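Asks: model the structure of this input:
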Amino acid sequence: MATRSGDVDPGLVTYLQQAEGLSAEQVAQLLNHQSGLLGVSGLSGDMRKLLATDDPHARLAVALYCYRARKYLGAYLAVLGGADAILFGGGVGENAAAVRAAILDGFEWAGMRIDAAANLAATGREGCISAADSRVQAWVVPVDEAQILAQEALAVVAA
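Replies: Now for the predicted structure:
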């Protein structure tokens with residue numbers, strides 16, 4: 001996430017409260033609004049801004065983001081015993097070819113090979129980004145997250 005911490009050791013919360021003297025509200029603010037891409041880069045939680053700079057902290061934030069996504073993708077592929085396809089959607093997934101490439105780099109063991117040209121061409125639009133000989137397909141699929149959330153909320157209210 002742009003400003004959220006992701007996985008943290010549970011002991012971190014009490015450490016921040018006891019050793020750093022932070023209140024529960026301050027810890028919540030730190031972990032939910034001052035961490036993630038923003039916390040690592042010190043610049044922004046916006047991936048577009050981080051990709052547009054050569055700042056070493058921004059590069060570290062992007063690399064860590066990609067590492068974490070790769071870690072989870074690999075874990076899910078292991079648990080599922082593979083997959084037929086990998087989908088990228090949402091702001092970063094739809095618009096950051098470099099991030100998609102970094103996440104999928106090295107997944108040949110799982111049958112995934114990316115097509116660099118197709119990956120670039122799919123920026124901001126739907127497209128298959130896997131190589132023709134890839135056993136696992138990779139796709140960019142535009143998602144209107146706000147519309148989906150609104151539809152789900154309407155279904156709950158109507159029930």
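Asks: where's the residue nearest in space to the middle of the chain relative to Ala146, distance?
Replies: The centroid of the chain falls nearest to Ala69 when counting by CA atoms, centre = their mean (5.5 Å). Using CB to CB, to the nearest Å, Ala69 is found at 22 Å from Ala146. (Each C-beta comes from the backbone N, C-alpha and C, glycine too.)
Asks: go on, Arg100?
Replies: From Arg100 across to Ala146, the span is 22 Å (CB to CB).
Asks: which one of these two has more residues nearby?
Replies: Looking at Arg100 and Ala146 with other CB atoms under 10 Å, you find the greater number of neighbours at Arg100, namely 25 against 8.
Asks: from what I can see that one touches Leu87, true?
Replies: No: at 10.7 Å, Arg100 does not count as touching Leu87 under the criterion of CB atoms under 8 Å.
Asks: give me the common contacts of these two.
Replies: Here Arg100 and Leu87 have 93, 138, 140 as joint contacts, going by CB atoms under 8 Å, 6 or more residues apart in numbering.
Asks: ok, of the residues you listed, which one's closest to Ala155?
Replies: Here the nearest of these to Ala155, counting by CB to CB, is Gly93; it sits at 24.7 Å.
Asks: list the buried residues in the lengthiest helix in the chain.
Replies: When the chain is parsed with DSSP state H, its longest helix is helix 56-80. Going by neighbour count (16 or more other CB atoms under 10 Å), the buried part of helix 56-80 is 58, 61-62, 65-66, 69-70, 73, 77.
Asks: and those, which two are furthest apart?
Replies: Farthest pair in the buried residues of helix 56-80 (CB to CB) is Ala58 and Leu77. Separation: 28.6 Å.
Asks: show me the contacts for Thr123.
Replies: Counting by CB under 8 Å, 6+ apart, Thr123 touches 94-97, 140.
Asks: can you redo the buried residues of helix 56-80 as JSON lines with pLDDT and distance to Ser35?
Replies: Below are the buried residues of helix 56-80 laid out as JSON lines (pLDDT from 0 to 100; distance: CB to CB, whole Å):
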{"residue": "Ala58", "pLDDT": "98", "distance to Ser35": "15"}
{"residue": "Ala61", "pLDDT": "97", "distance to Ser35": "11"}
{"residue": "Val62", "pLDDT": "98", "distance to Ser35": "15"}
{"residue": "Tyr65", "pLDDT": "96", "distance to Ser35": "12"}
{"residue": "Cys66", "pLDDT": "97", "distance to Ser35": "17"}
{"residue": "Ala69", "pLDDT": "96", "distance to Ser35": "16"}
{"residue": "Arg70", "pLDDT": "96", "distance to Ser35": "20"}
{"residue": "Leu73", "pLDDT": "97", "distance to Ser35": "21"}
{"residue": "Leu77", "pLDDT": "96", "distance to Ser35": "27"}
